[in-house]
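# sequence plus predicted model, see below.
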Amino acid sequence: ETGVTQSPTHLIKTRGQQVTLRCSSQSGHNTVSWYQQALGQGPQFIFQYYREEENGRGNFPPRFSGLQFPNYSSELNVNALELDDSALYLCASSLTPGREYDEQFFGPGTRLTVL
Amino acid sequence: SQQGEEDPQALSIQEGENATMNCSYKTSINNLQWYRQNSGRGLVHLILIRSNEREKHSGRLRVTLDTSKKSSSLLITASRAADTASYFCATVGLAGKSTFGDGTTLTVKP
């Protein structure tokens, strides 16, 4: 078990709604990355936060936004939900982005279903 | 397209046999990490190999990295039924962004 926690575990929303997912990073880690994993595929990088600033973003539209708080926990917000947003959302914490020895530790994920 | 691509997509072996999975990538990396994922759950970090390393071991796991061929392999020796899972490689670029392939699904039959 890593020290990374995510809430909620499961969530069901309808198209057009907004959702907020939460992640608490492992103690001592100041970097949080978010990933979207569709069924049968690998995780896709959404964005990364390092010391409360966005530090890189994948190919996701602006309706995917995030925050990192002073305690390094993080939120992922998705507006105007679409059916294709149904996926497992994973967050991962690490110590220092870009370092060659930097390991990422993943939380259990939030399963989002959009109806 | 994905940076890391695993091969094969699916692998089925008997308990006690060895399992080898391969990963290819396209651009320069800081490191490459292998993960295991049990059905629909979070990823478990298995091993990290840095760009200047060629081989690493951890228990029954052996990872190799060939930066000239932009490829890596994960060997699981003496497999067990509990090793049944999906295995992913993730390449970490110079900016710290991780890129995953679509994984290899390993089934170990008792």
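Yes, it's here.
# name all residues that make contact with B:Ala78.
Each residue near B:Ala78 by Cβ atoms under 8 Å, 6 or more residues apart in numbering or on different chains is listed here: B:16, B:18, B:60. For the C-beta atoms, the positions are set from N, CA and C on the backbone; glycine is no exception.
# pLDDT score assigned to it?
We have a pLDDT of 97 for B:Ala78.
# now it: how far from B:Lys109?
Using Cβ to Cβ, to the nearest Å, B:Ala78 is found at 14 Å from B:Lys109.
# near chain B, which residues of chain A?
Within reach of chain B by Cβ under 8 Å from any Cβ of the partner chain, chain A has these residues: A:2, A:4, A:31, A:33, A:35, A:40-45, A:48, A:50, A:55-56, A:58, A:88, A:90, A:92, A:94, A:96-109, A:111.
# pLDDT below threshold where in chain B?
Chain B contains residues with pLDDT under 70 at B:1-4, B:95-96.
# all strands for it, in order.
Under the criterion DSSP state E, strands of chain B are mapped to B:5-7, B:10-14, B:19-24, B:31-37, B:43-50, B:55-58, B:61-66, B:71-76, B:85-92, B:98-100, B:104-109.
# can you check chain A too?
For chain A, the strands defined by DSSP E occupy A:5-7, A:10-13, A:19-24, A:31-37, A:44-50, A:53-57, A:64-68, A:74-78, A:87-94, A:105-106, A:110-114.
# pick out the residue nearest the middle of chain A.
A:Trp34 (2.8 Å; Cα atoms, centre = their mean).
# thinking that residue is in contact with A:Ile46, fair?
Yes. Counting by Cβ atoms under 8 Å, A:Trp34 touches A:Ile46, with 4.3 Å between them.
# list the residues that are in contact with both of these two.
Looking at what touches both A:Trp34 and A:Ile46 (by Cβ under 8 Å, 6+ apart), the common residues are A:66, A:76.
# and the gap between A:Leu88 and A:Val78?
Look at A:Leu88 and A:Val78: by Cβ to Cβ, they are 13 Å apart.
# more neighbours: which of the two?
Set side by side, A:Leu88 and A:Val78 give different neighbour counts by other Cβ atoms under 10 Å in any protein chain shown, the larger being at A:Val78 (24 against 20).
# give me the nearest residue to the more buried one, chain neighbours excluded.
Once flanking residues are discounted, A:Val78 sits nearest to A:Val19: 5.1 Å by Cβ to Cβ, 6 or more residues apart in numbering or on different chains.
# would you format the strands of chain A as CSV with mean pLDDT and distance to B:Arg50 included?
Formatted as CSV, those follow (pLDDT from 0 to 100; distance: least, Cβ to Cβ, whole Å):
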stretch, mean pLDDT, distance to B:Arg50
strand A:5-7, 96, 28
strand A:10-13, 96, 37
strand A:19-24, 97, 26
strand A:31-37, 94, 18
strand A:44-50, 92, 20
strand A:53-57, 89, 20
strand A:64-68, 96, 27
strand A:74-78, 97, 26
strand A:87-94, 94, 15
strand A:105-106, 90, 17
strand A:110-114, 97, 31
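# report the backbone C-alpha coordinates of stretch A:80-96 in CSV.
The C-alpha coordinates for stretch A:80-96 follow below in CSV (Å, rounded to 0.1, in the frame of the first residue of the first chain):
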residue,chain,number,x,y,z
ALA,A,80,-19.2,19.7,-18.8
LEU,A,81,-18.8,16.0,-18.4
GLU,A,82,-19.0,13.9,-21.6
LEU,A,83,-19.6,10.1,-21.9
ASP,A,84,-16.0,9.6,-22.9
ASP,A,85,-14.8,10.9,-19.6
SER,A,86,-15.9,7.6,-18.0
ALA,A,87,-12.7,6.1,-16.8
LEU,A,88,-10.5,5.3,-13.9
TYR,A,89,-8.7,8.5,-12.6
LEU,A,90,-5.4,7.9,-11.0
CYS,A,91,-3.2,10.3,-9.1
ALA,A,92,0.4,9.7,-8.4
SER,A,93,2.8,11.4,-6.0
SER,A,94,6.5,11.8,-6.3
LEU,A,95,9.3,13.8,-4.8
THR,A,96,10.9,15.8,-7.5
